[in-house]
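Trainee: show me the folded form of this:
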Amino acid sequence: MEYRSSGVIFDLSPEMEVTVYCEKHFIGPAPTGEKRTKRGESENRERNESVAGRAAKKRVRQACKTIGADRMITLTYRANMTDRETALKHWDRFRRRMRKYREFHYVAVIEEQERGALHFRVAVNGRQSYHLLRSIWSSIVGVDEQGRSMSNIDVRNPTKFGFGKEGVHKLAAYIAKYCAKEMDCRELDQKRYFASRGIPKPEVQSWPIASVTSLGAVQTAFAIAASGLLDGAQFWYNKALDVIWIATAPNSIRYQETAPF
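Mentor: Residues are numbered from 1 along each chain as shown. Reported below is the predicted structural model:
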């Protein structure tokens, strides 16, 4: 067996993810001879939904780390908002208004509660002006007949979210999980997340490695990740798939450009 390492380095955040996996000797999906169906009409809709969800989770997790997301904004309604189209119009106005006042990098998802109410989870970096956020969101959603605001907003800072060595992983994972969650308000062909323009794609470096055993592959993965910060890192290993994944914690030291072996 041959193993290959894939390293993902985030330009705006000093972290990286390392994946070591058994090399597959084919490229692309196996040919089936079946005609492609229209989006949303496939007999494999459930499987396609799962695949799309996993892919979106990965993109959201990496985007959160790229912008160095360390805070979460929650935009809610006091009324039971169930209209996705209206909610997305409110979100679009909010993000446009925010960009007029400051550079606003974000990764956002829409969440549906059990009662059908919708709200937004937004991952951002750095301190936020609570009064500015509240003022903009309130002006968009409006007030009731008594003049009371029909909106609410919450900002979770690092200390409130349990941000420590693993905090950045927790926030990225928390935002990403909603991409794979089934929602009545979302169809298969509708967007699962929303991200600001200008977020660079993470740099991906890939190397073949000399390991021929699972143990050797795991040791190599940790040797690569050690160029980052292992204190507070997270890892996942699947013996059946022969894959190990490691995500390092934030570190001020920039990673080396070549494989450390």
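
Trainee: contacting residues for the closest residue to residue 219 other than its chain neighbours?
Mentor: Leaving out its chain neighbours, the residue that sits closest to residue 219 by CB to CB, 6 or more residues apart in numbering is residue 211, at 7.5 Å. Heads up, the C-betas are built off the backbone N, CA and C, glycines and all. With contact taken as CB atoms under 8 Å, 6 or more residues apart in numbering, residue 211 is in contact with 3, 20, 217, 219-220.

Trainee: from residue 221, how far out is residue 211?
Mentor: Using CB to CB, to the nearest Å, residue 211 is found at 9 Å from residue 221.

Trainee: which residue ranges form the helices in the stretch 101-250 of the chain?
Mentor: 130-141, 158-161, 167-176, 214-225 (DSSP state H, counting those that start in this stretch).

Trainee: overlap in contacts, residue 211 and residue 221.
Mentor: Joint contacts of residue 211 and residue 221 (CB under 8 Å, 6+ apart) are residue 20.

Trainee: can I get the contacts of residue 211 in JSON lines including neighbour count?
Mentor: Formatted as JSON lines, those follow (neighbours: other CB atoms under 10 Å):
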{"residue": "3", "neighbour count": "24"}
{"residue": "20", "neighbour count": "28"}
{"residue": "217", "neighbour count": "24"}
{"residue": "219", "neighbour count": "14"}
{"residue": "220", "neighbour count": "22"}
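
Trainee: could you identify the most distant pair in those residues?
Mentor: Farthest-apart pair in the contacts of residue 211 is 3 and 219; separation 10.9 Å (CB to CB).

Trainee: on that earlier part again, just the contacts of residue 211: which has the poorest pLDDT?
Mentor: Minimum pLDDT across the contacts of residue 211 is recorded for residue 3, with 59.

Trainee: low-confidence stretches in this structure?
Mentor: Along the chain, the model assigns pLDDT under 70 to residues 1-14, 23-46, 158-167, 180, 182-189, 228, 250-261.
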